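Q: sequence and predicted structure are below.
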Amino acid sequence: MKGLRRAILIGVFGFCHDLEAAHGTTLQDACRLAASVIVGTVETVVVSSSPAKITIRVDRVVSGPVAANSIISATWPGSIVAARMTPRRHRAVWFLSTASPSGWEIMPIGGPNAPLFASALAISPLTSNEVTLVAPKACIESVLTFLNEGASFIAGSLPHLTAMEMLLQEDPPLLSAAAPVLREIVAAHRQSAYIDLQVLAISVGIKRQDVQAIAQLRAELPAILKSKVLHHLALALVAWRSADPESLAVLGGLAMSSTEDPLRRSAADALMMIHTKTAVPQLAKLLDSKDAGIRGAGIRGLSMFVKGVPVLTPANVQTMQFLKEAPNEFLDEGIARYVSINNVALENEDEFIFGWKLWLNRHVNKLTN
């Protein structure tokens, strides 16, 4: 049971934790907590003392008591180093609070030690013919629309890439309900000429268990592997739980790929977490991997299958239903000694793999019908 808990921590909670580590606050929470949300361009940054002081020329107001076409001063509660990394004439969506006694304070939604542009989310530069306005839409929908304006800058700009990561790492089901514009944004970026945007959008689809997204991953894999944001796709993939045969085949192919990339282990971990009867053929393939970690995922996944462990999801982990094992007809005497939720010691691994291959031969007819 100790090994099962470890697998859950890696495969379920680890996914959520990594997203939180990447960005301190979601856009939805930032909108809810901010006293004002504005669009504006940095005029000056003073880092001679802490906290850093920043003046911003406001051109759009999403919410709060700030006037468009005004200049405001705000403090930055994060590190001075983070403020120094602010690009010149940085135009962004800013989330402001009144936490500072001296007035406006920039909310460190990207984390206090991350660069300031992880909290002041980059959008396209202001053009001479652009009309300043007060945003008529709800905060979250306005923010998504404004951030999307910077999509064409993603290829050569780390701040714009960071902003698009923030936009597309939101919880898709919640955002689809709160802001239908997200669906349009994601659909457009799935066909983007910029591979990083494609990968971020495909990641959203995979988080939503969209079979078309995982099919696109398989079809465009060589290009996708060149992306700078592959870690987002790896995190999304490890949370895949659909037992659709085609998607399981994609996971199996990724896990057994000869390339060294983070998708291999994520795909193997997803198969281990699913471990349904339909997943068994793909789990069996993992036993022949050159990677000990992937072979181990195969053994643990097959072990969970015969022990009747439910498919691991955040919901059944929260309710502790994953602890209710229901051993099935495939747990025979010949395989019992090779059932292991823990990592198998390397000196015993060959014996375990041989045992599982004999088990597969014994049950091949039942497993394929």
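A: Looks like it came in fine.
Q: for the rest of this, base every contact and every neighbour count on C-alpha atoms.
A: Fine.
Q: how's the protein carved up into domains?
A: 24-168, 243-367 (automatic domain parsing).
Q: among the ones you listed, which is nearest residue 205?
A: domain 24-168 (10.2 Å; CA to CA).
Q: returning to what we had before: mean pLDDT for the domains of the chain: which is lowest?
A: Mean pLDDT across the domains of the chain is lowest at domain 24-168; the value there is a mean of 86.
Q: from the chain's centroid, how far away is it?
A: Between the centre of domain 24-168 and the centre of its host chain there is 22 Å, according to CA atoms, centre = their mean, to the nearest Å.
Q: thinking again about what came up before, in JSON lines: the domains of the chain, plus distance to residue 225 and mean neighbour count.
A: Below are the domains of the chain laid out as JSON lines (distance: least, CA to CA, whole Å; neighbours: other CA atoms under 10 Å):
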{"stretch": "domain 24-168", "distance to residue 225": "16", "mean neighbour count": "19"}
{"stretch": "domain 243-367", "distance to residue 225": "8", "mean neighbour count": "19"}
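Q: would CSV of those domains with distance to residue 201 be doable?
A: Converted to CSV, the domains of the chain look like this (distance: least, CA to CA, whole Å):
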stretch, distance to residue 201
domain 24-168, 7
domain 243-367, 16
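Q: what's the closest of those domains to residue 212?
A: Residue 212 lies closest, by CA to CA, to one member of the domains of the chain: domain 243-367, at 9.2 Å.
Q: starting at the chain centroid, how far to the closest one?
A: Using CA atoms, centre = their mean, the offset of domain 243-367 from its chain centre is 24 Å.
Q: any idea how far apart the tips of that domain sit?
A: End-to-end distance for domain 243-367: 15 Å, by CA to CA, to the nearest Å.
Q: and what of stretch 332-351?
A: End-to-end distance for stretch 332-351, by CA to CA: 17 Å.
Q: can you tell which of the domains of the chain is closest to residue 220?
A: Short answer: domain 243-367, nearest of those by CA to CA, at 12.0 Å.
Q: dump stretch 281-292 to CSV, restricted to CA.
A: As requested, the backbone C-alpha atoms of stretch 281-292 are provided in CSV (Å, rounded to 0.1, in the frame of the first residue of the first chain):
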residue,chain,number,x,y,z
PRO,A,281,-1.8,-4.8,-23.9
GLN,A,282,0.0,-1.4,-23.6
LEU,A,283,1.2,-2.1,-20.1
ALA,A,284,2.6,-5.4,-21.3
LYS,A,285,4.7,-3.5,-23.9
LEU,A,286,6.3,-1.5,-21.2
LEU,A,287,8.0,-4.6,-19.8
ASP,A,288,10.3,-4.6,-22.8
SER,A,289,11.4,-1.0,-22.4
LYS,A,290,15.1,-0.1,-22.1
ASP,A,291,14.1,2.3,-19.3
ALA,A,292,13.9,0.7,-15.9
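Q: contacts for that stretch?
A: Contact with stretch 281-292 is made by 248-249, 251-252, 255-256, 268, 271-272, 275, 294-299, 301-302, 353, 357, 360, as judged by CA atoms under 8 Å, 6 or more residues apart in numbering.
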